[in-house]
Structures are given as C-alpha cells and as structure tokens.
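Asker: Structure for this input, please:
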Amino acid sequence: MPATVADLPAFTDIIDVRSPGEFAEDHVPGATNLPILNDAERERVGTLYKQVSSFEAKKVGAALVSRNIAQHLETWFADKPRSYRPLIYCWRGGSRSGSLTHVLQKIGFAAEQLEGGYKAYRRHIVAELERLPARFTYRVICGPTGSGKSRLLHALASENAQVLDLEALAAHRGSLLGALPDQVQPSQKSFESAIWFALSRFDPERCVFVESESKKIGALRLPDALITTMRASACVQLEVPLATRVRLLTEDYMHFLHDPEMINRQLGHLVALRGSETIAAWQALANARAWPDLVTALLEQHYDPAYLKSLAKNYAAAPPDRTFRTEDLSLSGLRQLARTILAAD
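Answerer: Below you'll find the model as predicted:
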C-alpha cells in the first residue's frame, strides 16, 4: 500500500523535494528540503512546457533532476545506513518525488513516496483542524495586556503541562504593537501546520492551556473550530497590578525604545479609533522616551478597555477559584503560580 499522511511517524526522515519557495510557504513539520528542482530550474522547465513542448521540458528537466539527485546522494544520503527509511513527497506525488524514490530504492533504501504529495497532506491538515480541537479540554489564560500570560504559558510548560502557545507559533504578540523585531510571521498554511502538529501530540485525557486570543494574531487567522472551542472553555483569570504590568511591557517591547519613529507609525493607525489628539499625546510621550508614562496611558486608555470588552463578549468569566492574583512575574514567581494553578485544577 502507498504511504499516506497517517504513516508519517513510521519513517526515519521526511524529505520534501519541492523547490525552496514551495517549501518556505508550508511543509510537513520536521521535513528536510532536498529540492529536485530549485526555484529558477522549476520556472525554466515550466516555461519550456508551456511555450515549447512537454518533450523538451522533460528532457531539460531530467538532466537537472539527475544532477540534483546526484548532489543529494553525495551529501545528505552519503552516510545513511541501509536501515534508513525516508518518506519522499513533492507537490502531488508525481515525477519529482517519484524520481528520488526510484533511485533510493534501487540503492537499497526502504524509501517510499507519499501518495498524493503535499496536496494530500494539506487536505489532511484542513480536515484535522476541523476535528482535532474538539477532542481537548482547554484552560484559557485570561488577563489584561501585560499580565504575563505568555510567560505563564512557558512556566506551565516547564511544569509539564500541555501548552498551546499560539503567539509563539504565529511569531506575533497579538496586538497592534505585537510584531516581533526581525521576525516575519509564517504563512497561513504554515501556521495551520504548526497548530496541527502541536495538537496531534497532545493527550486528550489532559487539559491544554492556551491564551485568550482573538480570531487573528497579527495577519494570521485561527482555525474556526479551535477558536470556537476555546471560547466555550473554562477560563483562568490573572489579576496583576498596573505598575507590574507596565514593567513587564517595557521589558517585552524594549525594541521600541531604540526607535520612537517605529512606535509612532504604529500608533498612527489608531487615529480613527482614539482620535488625533490622543494619538498626538501618545506620540509626544514616545518622542520624549517617557516609556512608563506611555505604556500606562496605552493600557488605561486603549488596551484595557478593548481587552475587557472583547473578553466579556468572547470568553466566560472565570469563577473565584480560578482567579489568581500576583505581583511577581519573575521566572520563579511564575513557576510558583503555575504550580498553584495546576494544583487547583
């Protein structure tokens, strides 16, 4: 029987032979990219196919593929033992993955080709993200901006709790100022692959801790089934003093301290919502590098009202026994808080 997505764990390695551009958009988590045709070569062969003939395209493509396979054999596969068992895939399980699989099998490796290729994998992910989220019980960490929700997730994970850190997977902190310095968000497909990969490894008998997110984190959308299930789940509420939250946010957004123009550009997007006079006042604080005053103003006048409104609309209020107050957002303080939360669960 041909290998399917369900067989992925059975293989030593997963090899993606698509071009680097295809691989960058999305790929099976943990896959290694060994292109049979690079981006320029793929474009060249495709142009020949459309403008000349399939015969000429195949002739040129075969030479390029042969050279690339030879290079991979001399590098990646050179030290692999006879027991090595890779799964090979391309766009739809066609000639690119078939070529490498054929050569590896002739050598004596137990290589197999993924039936349907990446397209079959992508269909599997879409279907699984409609089914998987409802298998788990979630504890949604709630609290206004600066309460240390993401840091608490890390502390919970260090205490062996099951944690779905969506902001880490999205490479974004989930607010207007949440873009990470020098880090681009993944594609939507890659984000969904990462969510599937995390969920597929969780134990349904244990709860999953997750942060109270909106439908989008930066430019990325949460799967509908996941956000629906999260919003129907029990909440854990954090209550943290304003001064403590200001200190944490000043640490987390340190990259803005070196470039007031950056934060002022972002604040400019809020003119329609908060008015030009308020935005000008915030920008003046940024220009003066009055960071505690600016962060306090942003929390009191923008983030807290918006968060409380969203929380009341989308998540159930946490009961008193799931409300935790703390002023200590240090590593040790959060580890202790994590242990307290887990003991109360």
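Asker: For stretch 103-120, buried residues please.
Answerer: For stretch 103-120, burial by neighbour count (16 or more other C-beta atoms under 10 Å) applies to Val103, Leu104, Phe109, Ala111, Glu112, Gln113, Leu114, Gly116, Gly117, Tyr118, Ala120. Using the backbone N, CA and C atoms, a C-beta is placed for each residue, glycine as well.
Asker: And the fourth one, what's its pLDDT?
Answerer: Translated: Ala111. In the prediction, the pLDDT value recorded for Ala111 is 97.
Asker: quick check: longest helix of this structure.
Answerer: Secondary structure assigned by DSSP state H gives helix 54-74 as the longest helix of the chain.
Asker: which strands and helices sit next to that helix?
Answerer: For helix 54-74, the packing partners by 3 or more C-beta pairs under 8 Å, 6 or more residues apart in numbering; DSSP states H and E come out as helix 39-51, helix 95-107.
Asker: Just send these back as JSON lines, with distance to Arg231 too.
Answerer: Below are those laid out as JSON lines (distance: least, C-beta to C-beta, whole Å):
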{"stretch": "helix 39-51", "distance to Arg231": "41"}
{"stretch": "helix 95-107", "distance to Arg231": "40"}
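Asker: closest to Phe11 out of the ones you listed?
Answerer: Nearest of the helices and strands packed on helix 54-74 to Phe11, taken as C-beta to C-beta: helix 95-107 at 12.0 Å.
Asker: between the closest one and helix 39-51, how many degrees?
Answerer: With axes from the mean of the first three to the mean of the last three C-alpha atoms, to 10 degrees as the basis, helix 95-107 and helix 39-51 are set at 120 degrees to each other.
Asker: before we move on, the earlier item: of the helices and strands packed on helix 54-74, which stretch is the most buried?
Answerer: helix 95-107 (a mean of 19; mean count of other C-beta atoms under 10 Å).
Asker: sec struct for Gln237, please.
Answerer: strand (DSSP: H, G, I helix; E, B strand; the rest coil).
Asker: Is it correct that Gln301 is in contact with Thr278?
Answerer: Yes - using C-beta atoms under 8 Å, Gln301 is in contact with Thr278, at 6.7 Å.
Asker: So Thr32 versus Thr101, what's the distance?
Answerer: 15 Å (C-beta to C-beta, to the nearest Å).
Asker: what do you get for Ile195?
Answerer: When Ile195 is compared with Thr101 (using C-beta to C-beta), they lie 29 Å apart.
Asker: now Lys309
Answerer: In terms of C-beta to C-beta, Lys309 sits 55 Å off from Thr101.
Asker: and the longest helix of the chain with helix 95-107, angle?
Answerer: Using the same axes, to 10 degrees: helix 54-74 against helix 95-107 is 50 degrees.
Asker: Give me the contacts around helix 54-74.
Answerer: 34-38, 41, 44-46, 48-49, 96, 99-100, 103, 107 (C-beta atoms under 8 Å, 6 or more residues apart in numbering).
Asker: repeat that for 7 Å
Answerer: Leu34, Pro35, Ile36, Leu37, Glu41, Val45, Leu48, Tyr49, Ser99, Leu100, Val103 (C-beta atoms under 7 Å, 6 or more residues apart in numbering).
Asker: what do you get for stretch 288-308?
Answerer: 144-146, 242, 245-246, 249-250, 257, 260, 270, 274, 278, 282, 285-286.
Asker: what's the lowest-pLDDT member of the residues you listed?
Answerer: Among those, Leu257 has the lowest pLDDT, at 70.
Asker: Next one: that residue from Ala290, what distance?
Answerer: From Leu257 to Ala290 the distance is 11 Å (C-beta to C-beta).
Asker: same question, Leu331
Answerer: 28 Å.
Asker: got it, and Pro86?
Answerer: 57 Å.
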